[in-house]
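>>> The following comprises the amino acid sequence and a computationally predicted model.
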Amino acid sequence: MSAFEFGIIAPAFLASLIVLSTHVPLGTEVLRREIIFIDLAVAQVAGLGVIAADSMGWEAEGWMVQIAAVTAAFLAALVLHWMEKRWPEVQEALIGVSFVLAATAGILVLSENPHGGEHLKELLVGQILWVNYDQLLPSAVISAVVLAFWFGMREHRAGFGFYALFAFAVTVSVQLVGIYLVFASLIIPALATRHIDKGGVRVAWGYAVGMVGCLAGLFVSVTADLPAGAVIVWCLAIAAILFGKFVSPMLSSDERSA
């Protein structure tokens, strides 16, 4: 690998680690609650906040854009939490409707923008290969705070705390890696490790699946000159399949013998 390729992959891999740090434990909770599309809905609303801020002419890397994204995601979390209490029997359907409304609102906002198609593509697929170290520091700090609350205040996961932490985590990740990779990094490691009973062991193996998939995807993307976000999603899926085929059966037999 050339120095140039390493210089691209290194910050991109660090970005993927920051995203995985919160998404793996959050993804297991999403799967347990059977609200699979909450990540798409909240990520899309956070992206809508970024689109709205951009349409107002605010600087893409400025604090106003970050505030707009966090505010939008936090409002989405409030609404989703309220819907969970009001209509729990159709919660997943309402989450799906929320996603569609946010997605189409973004299209409408971008309809008058001559670069709207490019902005929409960046929001969906992301630009992980072009992240820089300056972007990673605030993202890492926010992710560390989310993890501290997640593992240190377990009693607050049952209520609005889950939705609030989810909103902050997704706001960070959607701007680093895009909506598709946000969904994949949340759900694919959780699916791959669903047969592991011990929570800590499950999260550890989820991190392993996520890191292998992200690193492989970055190498393939750089060497084959393919879109990184899309390639990483496929590599995550392949890593999960291989884990389920070869590693998970061994872990299950060890648990039975124990």
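Nice, thanks for sending it over. Numbering: from 1, shown residues only.
>>> which residues sit in contact with the nearest residue to residue 191 once chain neighbours are set aside?
Distances taken as Cβ to Cβ, 6 or more residues apart in numbering place residue 240 nearest to residue 191, at 6.2 Å, with adjacent residues excluded. (Each C-beta comes from the backbone N, C-alpha and C, glycine too.) The contact partners of residue 240, taken as Cβ atoms under 8 Å, 6 or more residues apart in numbering, are 188-189, 191-192, 209, 213.
>>> how close does residue 240 get to residue 9?
Using Cβ to Cβ, to the nearest Å, residue 240 is found at 21 Å from residue 9.
>>> Tell me which helix or strand the residue nearest to residue 191 sits in.
Taking DSSP states H and E as the definition, one finds residue 240 inside helix 228-242.
>>> got the buried residues for that helix?
Under the neighbour-count criterion of 16 or more other Cβ atoms under 10 Å, helix 228-242 has 228-233, 235-236, 239-240 buried.
>>> Can I get those in a markdown table including distance to residue 104 and pLDDT?
Below are the buried residues of helix 228-242 laid out as a markdown table (distance: Cβ to Cβ, whole Å; pLDDT from 0 to 100):
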| residue | distance to residue 104 | pLDDT |
| --- | --- | --- |
| 228 | 26 | 93 |
| 229 | 22 | 93 |
| 230 | 22 | 93 |
| 231 | 27 | 96 |
| 232 | 26 | 96 |
| 233 | 23 | 96 |
| 235 | 30 | 98 |
| 236 | 27 | 98 |
| 239 | 33 | 97 |
| 240 | 31 | 97 |
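>>> pLDDT below threshold where in this protein?
Screening the chain residue by residue with the criterion pLDDT under 70, one finds the ranges 1-4, 57-63, 65, 114-120, 156, 252-258.
>>> Count the neighbours of residue 78 for me.
The number of residues packed around residue 78, counting by other Cβ atoms under 10 Å, is 14.
>>> give the contact list for it.
Taking Cβ under 8 Å, 6+ apart as the test, what residue 78 contacts is 160, 163.
>>> Restrict the helix or strand harbouring it to CA atoms and write it as PDB.
Under the criterion DSSP H and E, the helix or strand holding residue 78 is helix 63-86. Extracted in PDB, the C-alpha atoms of helix 63-86 (Å, rounded to 0.1, in the frame of the first residue of the first chain):
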ATOM      1  CA  TRP A  63     -21.500  24.900  14.500                       C
ATOM      2  CA  MET A  64     -24.800  26.100  13.300                       C
ATOM      3  CA  VAL A  65     -25.100  23.100  11.000                       C
ATOM      4  CA  GLN A  66     -24.300  20.700  13.900                       C
ATOM      5  CA  ILE A  67     -26.900  22.400  16.100                       C
ATOM      6  CA  ALA A  68     -29.500  22.100  13.300                       C
ATOM      7  CA  ALA A  69     -28.700  18.400  12.900                       C
ATOM      8  CA  VAL A  70     -28.800  17.600  16.600                       C
ATOM      9  CA  THR A  71     -32.000  19.700  17.100                       C
ATOM     10  CA  ALA A  72     -33.700  17.800  14.300                       C
ATOM     11  CA  ALA A  73     -32.600  14.400  15.500                       C
ATOM     12  CA  PHE A  74     -33.600  15.300  19.100                       C
ATOM     13  CA  LEU A  75     -37.100  16.400  18.000                       C
ATOM     14  CA  ALA A  76     -37.400  13.200  16.000                       C
ATOM     15  CA  ALA A  77     -36.400  11.200  19.200                       C
ATOM     16  CA  LEU A  78     -39.100  13.100  21.200                       C
ATOM     17  CA  VAL A  79     -41.800  12.300  18.600                       C
ATOM     18  CA  LEU A  80     -40.800   8.600  18.300                       C
ATOM     19  CA  HIS A  81     -40.800   8.200  22.100                       C
ATOM     20  CA  TRP A  82     -44.200   9.800  22.200                       C
ATOM     21  CA  MET A  83     -45.500   7.500  19.500                       C
ATOM     22  CA  GLU A  84     -44.100   4.500  21.300                       C
ATOM     23  CA  LYS A  85     -46.200   5.300  24.300                       C
ATOM     24  CA  ARG A  86     -49.300   6.400  22.300                       C
END
